[in-house]
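Visitor: no FASTA, just this:
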């Protein structure tokens, strides 16, 4: 690589926090007009490096260079002034502001010095959404949009800047396959214009498609770097984890196993239509579908978070559909939500406080919370779920995404559920954490729990599910037994016009 090709360089970057070293003398180089993939397990230091490149944090030692000159970034405003933009994994939008207001927040277009040029902002916002092939209302409050569309708005915020370097942290985690295809087209356009892109994702097939170079971090150190054309997925996994990953085995649950959860004719206005299915004890059932298929709304209706307009939900023959959320939890239904940041965790609480939030009564004595009982339960699950932390008192925000996800699952498990609902259980987690979450689900099912999870990730469904329900347009369009579902069959059913259940169980 010639010096002229180098756009941004990180030299011997080290970042220390009290009690831990997040980055240890990491070197990283980004070329003009290339996509440099940055990968590693959760906690490897990827997001820390990106935050330093974006001016969010300062390194403890080491330095940055841009165009061969030393670069000092004391803030995100400094990074912005040098043409460095970022798309965050955890959305940084303001839900009460409109789409157009979020896109230009802090970088408003003005007439003169004081007046915001709203017509110019609206015109550019529409052009950006058209570029991404989206018909989102620019005057809609961002908080009213589904998660996938909020992510589109986050991408528009970055594209509205005249960037030379674009940092993308899990930009496709909530996007549909069609939206990912459009985003990749835009990335190729940016490459052709000479923009350098740092790309973080846990979807390995995606990285192989869009990336030019790869750097692998493990435990805060750079352990490998290569041209992506010269490596394969196994090389990536082995360097990330230090071991070859093997998927957990699926099991074929006996057709005679009694249904623990039975749903009949469940409907949510405008979202879910006449859903009927069952889940047996010891079974892992996946719900596959594209964004907007109704998967999330179905799970929320089962948990009581979203009201249903019709249908029955029965647990061991007893009706649940008329019960409030707390009663469903008490009866044995727990939900791990899609968006752990806004719906699964309280960011100001510690790991332990988040874990026991849904089971305070179980950890109380005569109406007072027992610190000893709380600590005993949390320590036990931290060990069993392999949550990497300094203990229950560690701030939840100090944990990696994969460990935060395991904390959400732990919160569910402390309610002693009989049915565990998991919405996109591996969203935003790495290969190692994903395999651990899969193993947790398998272990729980082996103990007699019924697992119902939803996912837009084919690999996840093919790996984890004993049986798959496919949704499209708010309806269940197919049901496949383990021995019969294939990638082609699932995609076809997810793309089909809803017209009744195709049952292969």
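Guide: Done, it's in. Here the structure is a predicted model, which is why all the values come from computation and not from measurement.
Visitor: Give me the phi and psi for residue 263.
Guide: Recorded main-chain torsions at residue 263 are phi -120, psi 130, according to degrees, to the nearest 10.
Visitor: Neighbours of it, how many?
Guide: 23 (other Cβ atoms under 10 Å). C-beta coordinates here come from the backbone N, C-alpha and C atoms, glycine included.
Visitor: ok, it to residue 40 distance?
Guide: Using Cβ to Cβ, to the nearest Å, one gets 40 Å for the distance from residue 263 to residue 40.
Visitor: mind listing the strands in the stretch 101-250 of the chain by residue range?
Guide: Taking DSSP state E, counting those that start in this stretch as the test, the strands found in the stretch 101-250 of the chain are 110-111, 115-116, 165-169, 196-200, 213-218, 221-227.
Visitor: got the contact list for the first one?
Guide: Right, strand 110-111. 116, 117 (Cβ atoms under 8 Å, 6 or more residues apart in numbering).
Visitor: Could you do the longest one as well?
Guide: Strand 221-227 is contacted from outside by 24-28, 45, 212-217, 235, 239, using Cβ under 8 Å, 6+ apart.
Visitor: if we can go back for a sec, could you dump the strands of the stretch 101-250 of the chain to TSV with mean pLDDT, mean neighbour count and distance to residue 375?
Guide: Output for those, formatted as TSV (pLDDT from 0 to 100; neighbours: other Cβ atoms under 10 Å; distance: least, Cβ to Cβ, whole Å):
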stretch	mean pLDDT	mean neighbour count	distance to residue 375
strand 110-111	86	11	55
strand 115-116	88	12	52
strand 165-169	91	23	34
strand 196-200	93	24	35
strand 213-218	94	23	31
strand 221-227	95	15	33
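Visitor: For residue 466, which of these is the nearest?
Guide: Closest approach to residue 466 among the strands of the stretch 101-250 of the chain is made by strand 196-200 (31.7 Å; Cβ to Cβ).
Visitor: so which of the strands of the stretch 101-250 of the chain comes closest to residue 19?
Guide: Nearest to residue 19, of the strands of the stretch 101-250 of the chain and by Cβ to Cβ, is strand 221-227 at 17.6 Å.
Visitor: Spatially nearest residue to residue 458 (excluding sequence neighbours)?
Guide: residue 487 (5.6 Å; Cβ to Cβ, 6 or more residues apart in numbering).
Visitor: okay, the strands of the stretch 101-250 of the chain in TSV with distance to residue 405 next?
Guide: Converted to TSV, those look like this (distance: least, Cβ to Cβ, whole Å):
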stretch	distance to residue 405
strand 110-111	42
strand 115-116	39
strand 165-169	16
strand 196-200	16
strand 213-218	19
strand 221-227	24
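Visitor: So which of those strands is nearest residue 388?
Guide: Nearest of those (Cβ to Cβ): strand 213-218, 13.4 Å.
Visitor: between that closest one and strand 221-227, how big is the angle?
Guide: Per axes from the mean of the first three to the mean of the last three Cα atoms, to 10 degrees, the angle that strand 213-218 makes with strand 221-227 is 160 degrees.
Visitor: any low-confidence regions in the stretch 1-150 of the chain?
Guide: Applying pLDDT under 70 to the stretch 1-150 of the chain flags residues 1-4, 42, 90.
Visitor: Now with 50, please.
Guide: Applying pLDDT under 50 to the stretch 1-150 of the chain picks out residues 1-2.
Visitor: quick one on the thing from earlier: widest-spaced pair of the contacts of strand 221-227?
Guide: 24 and 212 (25.4 Å).
Visitor: Go through the contacts of strand 221-227 and name the one nearest residue 107.
Guide: Nearest member of the contacts of strand 221-227 to residue 107, counting by Cβ to Cβ, is residue 28, at 26.7 Å.
Visitor: tell me which element that closest one is part of?
Guide: strand 20-31 (DSSP states H and E).
Visitor: So which bits of that strand are buried?
Guide: Neighbour counts over strand 20-31 (16 or more other Cβ atoms under 10 Å) mark 22, 23, 24, 26, 28, 29, 30, 31 as buried.
Visitor: out of those residues, who's nearest residue 284?
Guide: Scanning the buried residues of strand 20-31 for proximity to residue 284, where the rule is Cβ to Cβ, the winner is residue 22, at 34.7 Å.
Visitor: Return the residues in contact with the closest one.
Guide: 15, 16, 45, 48, 220.
Visitor: Which of those residues ranks first by neighbour count?
Guide: residue 45 (25 neighbours).
Visitor: Next up, the contacts around residue 143.
Guide: Contact analysis of residue 143 by Cβ under 8 Å, 6+ apart lists 95, 96.
Visitor: quick one: it from residue 86, how far?
Guide: Taken as Cβ to Cβ, the span from residue 143 to residue 86 is 21 Å.
Visitor: likewise residue 117?
Guide: Residue 117 is 25 Å from residue 86, by Cβ to Cβ.
Visitor: out of the two, which sits in the more crowded spot?
Guide: The residue with more neighbours, out of residue 117 and residue 86, is residue 86; 25 against 15, by other Cβ under 10 Å.
Visitor: what about the more buried one, which helix or strand?
Guide: Counting by DSSP H and E, residue 86 is found in strand 84-87.
Visitor: Show me how the record splits this structure into domains.
Guide: Domain assignment for the chain by automatic domain parsing gives 3-241, 259-332+417-504.
Visitor: Format those domains as CSV; extra columns: distance to residue 409.
Guide: What follows is the domains of the chain, written out as CSV (distance: least, Cβ to Cβ, whole Å):
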stretch, distance to residue 409
domain 3-241, 14
domain 259-332+417-504, 6
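Visitor: Check those domains for me and report the most buried one.
Guide: Stretch with highest mean neighbour count among these: domain 259-332+417-504 (a mean of 20; mean count of other Cβ atoms under 10 Å).
Visitor: Tell me where the stretch 251-400 of the chain has helices.
Guide: Secondary structure of the stretch 251-400 of the chain (DSSP state H, counting those that start in this stretch): helices at 295-303, 325-331, 351-355, 371-384.
Visitor: Now distance to residue 98 too, for these, in a markdown table please.
Guide: Converted to a markdown table, the helices of the stretch 251-400 of the chain look like this (distance: least, Cβ to Cβ, whole Å):
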| stretch | distance to residue 98 |
| --- | --- |
| helix 295-303 | 23 |
| helix 325-331 | 31 |
| helix 351-355 | 31 |
| helix 371-384 | 41 |
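Visitor: And those helices: which comes nearest residue 404?
Guide: Short answer: helix 351-355, nearest of those by Cβ to Cβ, at 8.6 Å.
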